[in-house]
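Colleague: Test case, fold it:
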Amino acid sequence: MRTLSLFGVALVVWSGPAAANWQYTRWGMSPDQVIAASKNKAHTASDPAMHGTDEARNLLDGKYQSQGFDFDINFQFDPSDKLSHVNLHLVTPADCPKLQGRLSNIYGPPKTSATPIVSFAKWWDKRHGNVLVLMQIGDQSCKLDYMKYEEAGAEGGL
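Modeller: Next up, the predicted model:
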C-alpha cells in the first residue's frame, strides 16, 4: 500500500478513503483496538471530559514525537466508541508556524481564517480521505485535529 508522510514521517495515511487513518490507527477502531495497535502507547484518558464533546469523547491519551515536534495526543471516539478524531497538541506551541509550514509543503496552501484570538488552517486530503485542522491561540496553544474526510451528500456527510 502506498503511504504519504506528513512532516517527514509524522502522519502516515493509507491510500484511498476507505483506508484513511492516522499512524497506527484506522477510523472506526474501538479503544481496545487503538491500544493494541499503538503497542500500549495509547492509554485510558486521565480526564475523558477534558477534550470531549457531545459528538466525540476523549477516551484515550498518548504521546507522539516526529521531526523535532513533540505532541500530546487525544483519541476521540463517537457515541458508539468508534475512533473519529485524533487531536495532536503541540508541546511547544511557539512552533505552530513551523508545523503549518511543514503541512503546507505536503498539502499545499491551507484555507485559513483568524480572529484576534485564534487562527485556523485547514487542509482537505481527498485523495487519502482525511481532513486536517490546525488551530493556534497565540503562543499558548497549537492543536492539529485529524479526522476522516466526508463528502457532502455521502453517507455520514451533509
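
Colleague: what's the distance between the closest residue in space to residue 146 that isn't next to it in sequence and residue 61?
Modeller: Take residue 146 and drop its neighbours on the chain: the residue closest to it by Cβ to Cβ, 6 or more residues apart in numbering is residue 86, 4.5 Å away. Quick note: C-beta positions are derived from backbone N, CA and C, even for glycine. Here residue 86 is placed at a distance of 11 Å from residue 61 (Cβ to Cβ, to the nearest Å).

Colleague: now the helices for this protein?
Modeller: Shown for the chain, the helices assigned by DSSP state H span residues 31-37, 96-107.

Colleague: What residues sit buried inside the longest one?
Modeller: Spelled out, it's helix 96-107. 96, 98, 99, 100, 102, 103, 106, 107 (16 or more other Cβ atoms under 10 Å).

Colleague: my read: the fourth one touches residue 110, true?
Modeller: Yes - counting by Cβ atoms under 8 Å, residue 100 touches residue 110, with 7.3 Å between them.

Colleague: joint contacts of those two?
Modeller: Here residue 100 and residue 110 have 121, 134 as joint contacts, going by Cβ atoms under 8 Å, 6 or more residues apart in numbering.
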